[in-house]
Structures are given as structure tokens and as C-alpha cells.
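Engineer: fold the stuff below for me.
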Amino acid sequence: MDILSLLGIIIGFGAIIGGQYLEGGHIDSILNAVALMIVLGGTLGAVMLQTSLKTFLDALKMMSWVFVPPKLSTEELLEKILEWNQIARREGLFKLESLAELEEDPFIEKGLQLISDGGTPEMIREILENDLDIQEAKEIQAAKVYEAMGGYSPTIGIIGAVLGLIHVMRNLAEPSSLGSGIAVAFVATIYGVGLANLLFLPIANKLRAAIERRTSYYIMLIEGLIKVADGENPRIIESHLQVYLD
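Structural biologist: Presented below is the predicted three-dimensional model:
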């Protein structure tokens with residue numbers, strides 16, 4: 001659990017709500033279902049229009065990374081690589097095939113399988129780096145969904161504000177209906193800007209950081225597998241991969 005993400009949301013929204021309260025305002029004055037519907041509905045619709053279904057679903061799945069990032073320990077990976085190297089040097093590269101079947105990560109499984117099948121280091125690097133590039137590109141596209149939401153949200157908030165003011169102007173002769181229109185106008189702007197800067201854009205940046213860390217992890221894996229395929233000395237492998245450790 002990433003406690004920093006949870007604290008960030010609590011502190012960010014808490015500061016705004018707390019500031020409203022300390023200034024003597026009522027909390028319910030910034031709660032407006034119509035304004036929220038306009039901002040969230042408009043933002044979601046715009047993003048769905050520009051995004052493919054696969055990318056949109058990937059973005060929803062990756063949302064969990066904000067609070068529960070992928071468990072990727074570079075220390076444990078280094079231990080695995082050194083273990084694979086010892087087995088390969090002692091019993092031969094073909095012995096890695098049985099280990100590949102035990103791996104839950106398909107990327108690791110594929111790498112060990114390529115080694116056991118007698119692939120050259122150059123071929124292994126080319127195949128795995130190509131797979132990694134494709135995977136990273138897909139994940140970045142998914143993270144961009146939240147960036148797009150952060151871009152559209154303030155604009156949709158302004159549209160909500162204009163709609164509220166139109167409602168106000170059309171009902172100037174009825175003072176009793178002016179309050180709700182003005183409320184929607186200002187609250188929609190708050191929702192648009194607030195959601196963009198307190199939620200959507202931070203989520204996008206958090207996901208990008210997770211993607212970068214995940215990519216670095218797999219780069220370390222590829223380098224380690226190449227060393228195993230080359231039959232490098234364990235000390236050389238450990239020295240070479242130290243830079244990737246957390």
C-alpha cells in the first residue's frame with residue numbers, strides 16, 4: 001500500500017474543505033451534484049471519444065498502481081539472476097527451461113526459455129527489448145488517459161460555469177432560482193480545476209513513475225539474462241547490476 005498516495009488525497013482535498021470551513025463557509029455550499037455530473041460526465045465523455053477501448057480498460061486497471069504499485073524488488077531479482085547463472089554454469093543452459101515454467105512473470109519466463117533454447121545474446125536482447133518497448137508504450141498510453149482527463153476537466157468546469165450563468169440570466173425575474181444557478185456556475189469551476197490538479201494529473205504522474213521503475217526493472221533483467229547466456233562470472237554480473245538496485 002502506497003500510504004503517500006492516500007495521504008496526498010486526504011491532505012489535498014482536506015485543505016480545501018478545511019479552508020472553506022475556517023473561512024466561515026458551509027461545506028454543503030461546495031457540494032453540488034449537477035456541477036459534479038457536468039464535470040465528470042463531460043470529462044469522461046471527451047476522454048472516451050479520443051481513446052481506444054483497449055487503452056481505456058488498461059487505464060482503469062492501472063489505477064490500482066496508485067495505491068498498490070507492482071511489487072518489483074531489484075534485490076530479489078539480482079539474487080535470482082545469480083542463481084540462474086550458477087545453475088547454467090554448473091548444469092548447462094538447458095536446465096533453465098525447468099525454472100522458466102515456475103516463473104509467474106511471462107517476461108522472465110520468455111527470457112529463460114530463450115536462453116535454454118540456445119538463443120544468442122544478441123537475439124535474446126533484440127527480442128526482449130522489443131517486447132519491453134511495446135509494453136512500455138502501451139502503459140504510457142494508458143497513463144495519458146489521466147493526463148487527458150486533467151486537461152479536459154478545467155475546460156468542462158468552465159462550460160459548467162457558463163451553463164450556470166445562462167440559467168441565472170434567464171431567471172433574473174425570479175430571484176428564488178438565482179442561487180442554484182450561481183452555485184452551479186462557481187462550483188463547476190472548482191470541481192473542474194480541483195479534480196484536474198488534485199486527482200487526474202497527480203495520478204498520471206504517479207503512473208508514469210511506476211512505469212519508469214517497472215521498465216528499469218526489466219532492463220536490469222535483460223542485462224542479467226544476457227550475462228547468464230554469456231556465462232559471465234557471478235562477481236562481474238553482480239558488479240554490473242549494482243547500479244539498478246533500489
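
Engineer: helix or strand right after the helix or strand that A46 is a member of?
Structural biologist: Assigned by DSSP states H and E, A46 falls within helix 33-50. Per DSSP H and E, the first helix or strand lying C-terminal to helix 33-50 is helix 53-62.

Engineer: next, the angle from that next one to helix 33-50.
Structural biologist: Relative orientation of helix 53-62 and helix 33-50, computed by axes from the mean of the first three to the mean of the last three C-alpha atoms, to 10 degrees: 130 degrees.

Engineer: C-terminal to helix 53-62, what's the next element?
Structural biologist: Using DSSP H and E, the helix or strand that follows helix 53-62 in sequence is helix 74-91.

Engineer: on contacts alone, who are the packing partners of the helix or strand following that next one?
Structural biologist: For helix 74-91, the succeeding helix or strand toward the C-terminus, using DSSP H and E, is helix 96-100. Using 3 or more C-beta pairs under 8 Å, 6 or more residues apart in numbering; DSSP states H and E, the elements in contact with helix 96-100 are helix 74-91, helix 106-116. From N, CA and C alone the C-beta is placed, and that goes for glycine too.

Engineer: most tightly packed of those?
Structural biologist: Across the helices and strands packed on helix 96-100, averaging neighbours per residue (mean count of other C-beta atoms under 10 Å) puts helix 106-116 on top, at a mean of 19.

Engineer: packing partners for that one?
Structural biologist: helix 96-100, helix 121-170, helix 201-230.

Engineer: among the helices and strands of the protein, which has the poorest mean pLDDT?
Structural biologist: Within the chain, no helix or strand scores below helix 178-195, which has a mean of 79 by mean pLDDT, DSSP states H and E.

Engineer: kindly present the helices and strands packed on helix 106-116 as JSON lines, with separate columns for mean pLDDT and distance to G111.
Structural biologist: JSON lines is the format used below for the helices and strands packed on helix 106-116 (pLDDT from 0 to 100; distance: least, C-beta to C-beta, whole Å):
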{"stretch": "helix 96-100", "mean pLDDT": "83", "distance to G111": "8"}
{"stretch": "helix 121-170", "mean pLDDT": "90", "distance to G111": "6"}
{"stretch": "helix 201-230", "mean pLDDT": "93", "distance to G111": "5"}
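
Engineer: which residues touch the most centrally placed residue in the chain?
Structural biologist: In the chain, the centroid-proximal residue (C-alpha atoms, centre = their mean) is L207; its distance is 2.3 Å. Residues near L207 by C-beta atoms under 8 Å, 6 or more residues apart in numbering: M62, W65, V66, E139, A142, A143, Y146.

Engineer: let's see 6 Å
Structural biologist: Residues in contact with L207, defined by C-beta atoms under 6 Å, 6 or more residues apart in numbering, are M62, W65, A143.

Engineer: burial count for the last one?
Structural biologist: Right, A143. 22 (other C-beta atoms under 10 Å).

Engineer: the residue lying closest to M63 once chain neighbours are set aside - how many residues pack around it?
Structural biologist: Counting by C-beta to C-beta, 6 or more residues apart in numbering, M63 lies nearest to I203, which is 7.2 Å off, once chain neighbours are set aside. Per other C-beta under 10 Å, the neighbour tally for I203 reads 23.
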